[in-house]
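> Mind looking at a prediction? Sequence and model below.
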Amino acid sequence: MADDTTPPSTITRERYPPGDLAIWIFILAELAVFAVFFAAYAYTRMNHVELFNSYQENLDRGSAFINTLALITSSYFVVRAVAAIRDNDHRHCVGWLLAALGMGALFLIVKSTEFAHHLGQGITLSTNTFYMFYLSLTFFHFMHVIMGMVILAAVAWKASQGEYSHSQHTGVETGASYWHMVDLVWLILFPLVYVMR
Amino acid sequence: MSMEKPVILGIRACTWIWLLLLLLSLMTFAVGELELSGLKVSLGVLAIALLKGYLVGAYFMGLNRIQGFWRWPVTLWLLLPGCLIGTAFVLAG
């Protein structure tokens, strides 16, 4: 669609994705791990359909929806941050990154509340197979959100110090690519664990 | 000037993609809240999730501007768990 709105003369195709190529190797490795997790969840569910459907009802779908909106919006804010630094606009780049971090913080607060609720009910990894997958999958992703926020915070700090420019902003693109990966994983995790039955 | 125009247009496209992602997420949430279930519903929800993933990869990650090998890993990744999850749900009935 972007190509549709961009005049043909301005389309330039590149050979490598935005950011450091090393982060893309890391991203693909992370995605592979999550793919195994998702497949394991789906195939284990095959033999425990009633159990999975029953305990899925206990999950807070509203919280998960808020978190979905938070991560999608934070990803969009990161897109704006990259666009700003490409335009040599440091102030807006930092602003958009801080806004993305705010959305990330919202995700952590909502998810922590959900975890606290489950722990308060005495639910742990060993409660049953469904909760083993639910808790381990969502906590694994939770840790990635924290890591992504640390990266975005470091990028925002460097951007505020004027270390990026129109011609040198690989760091911003690298952080952005990682953050989009965190969003991407949640976009599969949310329907799989909270909705599909 | 010629450097700025593509960026502005790219952002406009990404803004529409962002709104579309919010709408698709609302649809997924609505399916859950209406307690719709069954194989067709599950596969429909999965298809929406894969579409959302494609949009994030293509537009937010900027992979639609890449040519060659690096254009495809995220799309292929979406297809891998997508097929595995879909197959598992079909087998589960």
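Now that the structure is in, tell me what you want to look at.

> which parts of stretch A:57-64 are buried?
A:L59, A:R61, A:S63, A:A64 (16 or more other C-beta atoms under 10 Å in any protein chain shown). The way it works is simple: take the backbone N, C-alpha and C, and place the C-beta from them, glycine included.

> Can you show me the helices along chain A?
Applying DSSP state H to chain A gives helices spanning A:2-5, A:21-46, A:49-56, A:61-86, A:90-120, A:129-160, A:170-190.

> Let's have these in CSV, adding distance to B:F89 and mean pLDDT.
Shown next, in CSV, are the helices of chain A (distance: least, C-beta to C-beta, whole Å; pLDDT from 0 to 100):
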stretch, distance to B:F89, mean pLDDT
helix A:2-5, 33, 46
helix A:21-46, 7, 97
helix A:49-56, 10, 96
helix A:61-86, 18, 97
helix A:90-120, 25, 97
helix A:129-160, 15, 98
helix A:170-190, 13, 98
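
> Of all the residues in chain B, which one is nearest chain A?
Minimum separation of chain B from chain A (C-beta to the nearest C-beta) falls at B:A88, amounting to 3.5 Å.

> list the contacts for A:L135?
For A:L135, the contact set (C-beta atoms under 8 Å, 6 or more residues apart in numbering or on different chains) comprises A:F115, A:H118, A:I123, A:T124, A:L125.

> Which member of the residues you listed is positioned nearest chain B?
A:H118 (18.1 Å).

> Point me to the residue of chain A nearest chain B.
Taking C-beta to the nearest C-beta, chain A has A:A42 as its residue nearest chain B, at 3.5 Å.

> Could you count how many residues lie near that residue?
By the criterion of other C-beta atoms under 10 Å in any protein chain shown, A:A42 has 23 neighbours.

> OK, contacts around it?
A:L192, B:L84, B:I85, B:A88, B:F89.

> among these, which are in helices?
Per DSSP H, these map to helices at B:L84, B:I85, B:A88, B:F89.

> got those residues as CSV, with distance to B:S25 and neighbour count columns?
Formatted as CSV, these follow (distance: C-beta to C-beta, whole Å; neighbours: other C-beta atoms under 10 Å in any protein chain shown):
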residue, distance to B:S25, neighbour count
B:L84, 22, 18
B:I85, 18, 26
B:A88, 23, 18
B:F89, 20, 22
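
> In chain B, where is pLDDT below threshold?
B:1-9 (pLDDT under 70).

> Skip the chain neighbours and tell me the closest residue to A:M46.
B:A92 (4.4 Å; C-beta to C-beta, 6 or more residues apart in numbering or on different chains).

> measure the one you found to B:L43 for me?
12 Å (C-beta to C-beta, to the nearest Å).

> picking that back up, of the buried residues of stretch A:57-64, which are in range of chain B?
A:R61 (C-beta under 8 Å from any C-beta of the partner chain).
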